[in-house]
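[1] A predicted structure for the sequence below; I have some questions about it.
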Amino acid sequence: MEIPEEKYQLTPVENNAKPARRRKTKSHVWKYFTVESISPECKRAFCNTCRKSFAYSMVQENGGSRHLEKGTCGATAGLDNNNEGDDQATPYTPSTRTRTTARVSESRKRRYRSPSSAYMAVFNPDVCRQDIARMIIMHDYPLDMVEHPGFQSFVQSLQPQFGAVSVDTIQGECVSSYLSEKQKVMRLIDAMPGRVCLSLDMRMSRNSLAYVFITGHFTDSNWKTQKWILNVVLEPYPDSHNALSHAVACCLSDWRLESKLLSLTLNHPVPEAGLENLRSHLCVKNPLILKGQLLLGQCISHTFTAMVNDILSAGGDIIKKIRDNIKYVTTSENHGEKFLHLKEQLQVPSEVHLFLDDQSQWNTTYQMLVSASELQEVFSCLDTVIPEYKEAPTMEDWKQVESICTHLRSLFDAMNLLASSPCPPAITLFQEGFRIQTTIACAPTGDPFIGSFIKSMQEKIDKYWKECGLILAISVVMDPRFKMKLVEFSFSKLFGEESPLYVKMVDDGLHELFEEYVALPLPSSPAYGGDHGNIDRAEDHNQGGSISEYGLADFDMYIMENTTQQFKSEIDQYLDENLEGRGSNLDVLEWWKQKRSKYPTMSKMARDILSIPVSTTLPESMFSTKPRELSPNARSETLEPFVCTKDWLQHGLTEDFGGLESLVVSDLSNPALKVEF
């Protein structure tokens with residue numbers, strides 16, 4: 001069949017005709033190649049990696065990119081149009097092309113074999129606001145940060161759909177979190193089987209307003225100690241006699257604890273009139289245990305800090321002189337080099353280095369004095385290499401430094417032990433108090449410098465033993481490794497011939513406390529059991545014949561009375577039994593939990609006594625010489641919700657409350673708890 005020639009006749013194109021405008025190239029290869037002009041009529045594609053050039057067609061629609069896709073250049077081998085979304089080429093190796101081709105082929109198969117399983121998160125502005133509120137609470141950020149341009153720009157870059165929020169909106173979210181978490185803590189406290197102990201700490205704001213921080217301490221139904229900040233109460237007149245009474249009354253009413261209070265521990269000095277007002281106020285509604293002797297107590301770490309201040313105040317001049325000498329050496333590179341060179345010449349064996357202290361942390365002052373004391377020989381000879389050095393401490397100065405370090409050392413060791421645990425056991429505090437008392441008693445009386453602070457220290461430790469010695473001693477007795485034996489031993493060292501009197505006071509208080517707990521209702525239990533004799537119930541050994549119950553009720557009463565007479569009370573039985581071994585790290589509360597069937601009354605008493613916080617200072621504040629201040633971002637109207645919620649959330653992220661609802665932040669979107677401003 002012939003084809004007409006005119007149908008395929010070519011039409012010549014004039015050389016001056018402008019080529020038709022091509023659409024923008026779409027191939028992905030142009031991310032890896034750049035078109036450059038070699039001459040007005042010639043262009044080539046250059047590889048961006050190796051700068052190798054390839055042919056480029058100015059006539060074809062796509063510039064002739066097909067040959068560039070076939071791996072002509074090693075830097076772009078294995079690319080095809082299906083990889084247009086990739087931002088990085090596969091590195092070329094001899095086997096890369098085969099593996100890449102197989103991977104792309106498999107990707108194509110999966111693409112058409114199953115639908116996409118990519119998860120698209122749904123934006124929820126309510127959840128975002130709740131997260132911002134939690135962030136502000138947990139990290140003490142200012143509320144108005146949500147209106148800072150930088151924060152808004154950052155949030156917009158993460159999620160453009162999230163609109164700006166006001167301070168009032170975020171404050172409402174924070175208060176909603178507080179109300180939600182408070183319900184959970186309330187349920188935990190309502191389930192508390194025993195009594196609660198409160199600790200009070202007063203902090204000042206920058207505008208001289210006082211806030212009383214009230215923390216609850218108790219043992220839960222799983223025999224685990226709990227510690228929660230319950231209230232932050234504003235007290236405009238902290239020096240008034242009824243300031244603490246008002247704060248405690250607010251807490252007891254708010255948490256329904258009027259009849260459950262066991263003790264109060266104070267973390268700041270309170271005048272005697274204020275203590276009496278507080279004691280009389282609590283006697284009205286709260287049944288006092290042991291005639292109120294356990295009601296009020298001082299934090300032992302606060303007593304130790306007050307003793308430290310006595311030493312630092314008496315040695316202020318010599319401490320400043322040592323600090324200035326260290327500054328003279330450490331702030332000059334030349335002086336420092338000469339000091340080290342002299343140390344080597346004198347062959348001083350000490351490996352310590354000089355440093356300046358942080359005057360708000362007394363432990364650094366103690367460590368500074370210790371390091372300087374070890375290098376006193378170098379200071380004494382420093383004027384031989386630095387003639388202008390004229391302020392070297394004298395031998396009398398170094399003697400005073402040694403006295404300061406000796407009396408600070410026992411307090412430093414004690415505070416380190418307290419800081420090592422958020423709830424230090426009573427036995428640790430008892431031993432440290434005894435050791436410090438012994439150190440003070442052994443201090444030389446003829447030294448006028450030591451006499452300037454030792455008397456004040458003695459008065460403070462004596463006052464603590466007088467006010468809190470009974471609480472501390474009874475807590476030690478609850479430890480089955482020591483019982484009354486450690487109290488008897490320690491008091492014999494402290495009080496000498498008068499020790500039997502003090503031991504009797506502890507023993508009488510212990511038995512009186514036990515009798516009060518006996519009067520409390522106990523869970524129903526058999527009148528007698530395997531622990532009290534070998535008499536078994538008749539039905540347990542029924543050998544086929546029935547036994548008449550006639551007259552056996554009186555017989556049971558007779559057995560109970562006579563059996564009881566033959567055995568000691570719980571407390572005497574406990575005290576007379578052998579001590580537990582001290583080889584293992586005994587969990588005292590767990591021990592009482594295991595013994596609660598044998599000692600039902602004593603276990604209840606131990607559970608409450610071991611909840612009393614003898615030390616309430618936070619580990620990070622243990623060595624501070626200044627009173628704690630509130631954050632500058634704190635606002636009086638939101639201080640309690642923010643402080644309490646932060647404490648509850650921190651507990652909820654790490655603690656397990658044994659069957660009760662975890663306090664991890666959740667369900668903050670409850671509409672019933674929303675607070676709008």
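    That came through fine. Numbering: from 1, shown residues only.

[2] in this protein, which helix is the longest?
    Secondary structure of the chain per DSSP state H: the longest helix is helix 448-477.

[3] and the contacts of the helix or strand that it is followed by?
    Where DSSP states H and E defines the elements, the next helix or strand beyond helix 448-477 is helix 483-495. By Cβ atoms under 8 Å, 6 or more residues apart in numbering, the residues outside helix 483-495 that reach it are 427, 430, 434, 437-438, 441, 465, 473, 476-477, 499, 501-503, 506-507, 510, 574-575, 579. C-beta: built from backbone N, CA, C; applies to glycine.

[4] show me the contacts for the spatially closest residue to D383 that is not a sequence neighbour.
    Spatial nearest neighbour of D383, excluding adjacent residues (Cβ to Cβ, 6 or more residues apart in numbering): Y389 at 4.7 Å. If you count contacts by Cβ under 8 Å, 6+ apart, Y389 has them with 328, 382-383.

[5] go on, K260?
    192, 195-196.

[6] kindly recompute the last result at 7 Å.
    195-196 (Cβ atoms under 7 Å, 6 or more residues apart in numbering).

[7] gap between it and F218?
    Distance, K260 to F218, using Cβ to Cβ, to the nearest Å: 9 Å.

[8] repeat for K504
    In terms of Cβ to Cβ, K504 sits 31 Å off from F218.

[9] same thing with L278?
    20 Å.

[10] any buried residues in stretch 359-371, and which?
    361-363, 365-371 (16 or more other Cβ atoms under 10 Å).

[11] possible to save these as CSV with pLDDT?
    Below are the buried residues of stretch 359-371 laid out as CSV (pLDDT from 0 to 100):
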residue, pLDDT
Q361, 94
W362, 95
N363, 94
T365, 96
Y366, 96
Q367, 95
M368, 96
L369, 96
V370, 95
S371, 94
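
[12] out of those, which comes closest to N633?
    Nearest to N633 among the buried residues of stretch 359-371 is Q361, at 23.2 Å by Cβ to Cβ.

[13] quick one, phi/psi of the nearest residue to that closest one once chain neighbours are set aside?
    Distance criterion Cβ to Cβ, 6+ apart; nearest residue to Q361, sequence neighbours excluded, is F623 at 4.9 Å. Main-chain dihedrals, F623, degrees, to the nearest 10: phi -110, psi 10.

[14] distance of F623 relative to M484?
    Taken as Cβ to Cβ, the span from F623 to M484 is 34 Å.

[15] just L296 next, same as before
    24 Å.

[16] who's more crowded, the two?
    The residue with more neighbours, out of L296 and M484, is L296; 20 against 16, by other Cβ atoms under 10 Å.

[17] phi, psi for that one please.
    Dihedral angles (degrees, to the nearest 10) for L296: phi -120, psi 140.

[18] run through the bridge partners of it.
    On the basis of DSSP bridges, L296 is bridged to L264.

[19] unless I'm mixing things up, it is touching L275, no?
    Yes - at 6.0 Å, L296 counts as touching L275 under the criterion of Cβ atoms under 7 Å.

[20] separation between S624 and C405?
    Remark: distance between S624 and C405 (Cβ to Cβ) = 20 Å.

[21] which is the next helix or strand following the worst-scoring helix or strand of the chain on mean pLDDT?
    For the chain, using mean pLDDT, DSSP states H and E, the weakest element among its helices and strands is helix 96-113, scoring a mean of 47. For helix 96-113, the following helix or strand on the C-terminal side (DSSP H and E) is helix 125-139.

[22] buried sites along the helix or strand encompassing A45?
    Element membership of A45 [criterion: DSSP H and E] is strand 42-47. Under the neighbour-count criterion of 16+ other Cβ under 10 Å, strand 42-47 has 43, 45-47 buried.

[23] now swap in stretch 324-341 and tell me
    Using 16+ other Cβ under 10 Å as the test for burial, stretch 324-341 gives 325-326, 328-329, 335, 338-339.

[24] and of the residues you listed, the nearest to L417?
    Nearest to L417, judged by Cβ to Cβ, of these is I326 at 28.2 Å.

[25] how much space separates the closest one from N309?
    I326 is 22 Å from N309, by Cβ to Cβ.

[26] can you check E512 too?
    In terms of Cβ to Cβ, E512 sits 37 Å off from N309.

[27] looking at those two, which is more packed in?
    Taking other Cβ under 10 Å, E512 and N309 do not tie; N309 has more neighbours (16 against 13).

[28] and the helix or strand where the more buried one lies, C-alpha only, in CSV?
    Using DSSP H and E, N309 sits in helix 300-314. Output of helix 300-314 as CSV, limited to C-alpha atoms (Å, rounded to 0.1, in the frame of the first residue of the first chain):
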residue,chain,number,x,y,z
ILE,A,300,16.3,18.8,114.0
SER,A,301,18.1,20.2,110.8
HIS,A,302,16.9,23.6,111.8
THR,A,303,18.5,23.2,115.2
PHE,A,304,21.7,22.1,113.5
THR,A,305,21.7,25.1,111.2
ALA,A,306,21.2,27.4,114.2
MET,A,307,24.3,25.9,115.8
VAL,A,308,26.3,26.3,112.6
ASN,A,309,25.4,30.0,112.6
ASP,A,310,26.7,30.3,116.2
ILE,A,311,30.1,29.0,115.0
LEU,A,312,30.2,31.1,111.9
SER,A,313,29.2,34.2,113.8
ALA,A,314,31.9,33.7,116.4
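
[29] which strands or helices does it pack on?
    helix 362-374, helix 395-419, helix 448-477 (3 or more Cβ pairs under 7 Å, 6 or more residues apart in numbering; DSSP states H and E).

[30] cutoff 8 Å now
    Helix 300-314 sits against helix 362-374, helix 395-419, helix 426-441, helix 448-477, with contacts defined as 3 or more Cβ pairs under 8 Å, 6 or more residues apart in numbering; DSSP states H and E.

[31] and stretch 250-266, which residues are buried?
    Quick answer for stretch 250-266 (16+ other Cβ under 10 Å): 250-252, 255, 257, 260-266.

[32] and if you look at stretch 476-490?
    476-484, 486-487, 490.

[33] closest one of the residues you listed to Q458?
    S490 (17.1 Å).

[34] next one, pLDDT for that closest one please.
    Each residue has a pLDDT score; the one for S490 is 89.

[35] widest-spaced pair of the buried residues of stretch 476-490?
    P480 and S490 (17.3 Å).

[36] residues touching the closest residue to F412 other than its chain neighbours, list them.
    Leaving out its chain neighbours, the residue that sits closest to F412 by Cβ to Cβ, 6+ apart is Y366, at 5.4 Å. Contacts here follow Cβ under 8 Å, 6+ apart; on that basis Y366 touches 405, 408-409, 412.

[37] at 7 Å instead, please
    Contacts of Y366 by Cβ under 7 Å, 6+ apart are 405, 408, 412.

[38] which one of those residues has the most neighbours?
    Going by other Cβ under 10 Å, L408 tops those with 23 neighbours.

[39] who are the contact partners of it?
    308, 311, 366.

[40] residue ranges with poor pLDDT in the stretch 251-400 of the chain?
    Flagging of the stretch 251-400 of the chain using pLDDT under 70 yields the residue ranges 284-288.

[41] redo that, cut-off 80
    269, 271-272, 280-297 (pLDDT under 80).

[42] cool, the stretch 451-600 of the chain as well?
    Residue ranges of the stretch 451-600 of the chain with pLDDT under 80: 520-568, 583-584.

[43] so which strand or helix has L586?
    Going by DSSP H and E, L586 is not part of any helix or strand.

[44] how about Q152?
    Q152 belongs to helix 149-158, assigned by DSSP H and E.

[45] need the contact list for S263.
    With contacts defined as Cβ under 7 Å, 6+ apart, the neighbours of S263 are 197, 294-295, 297, 612.
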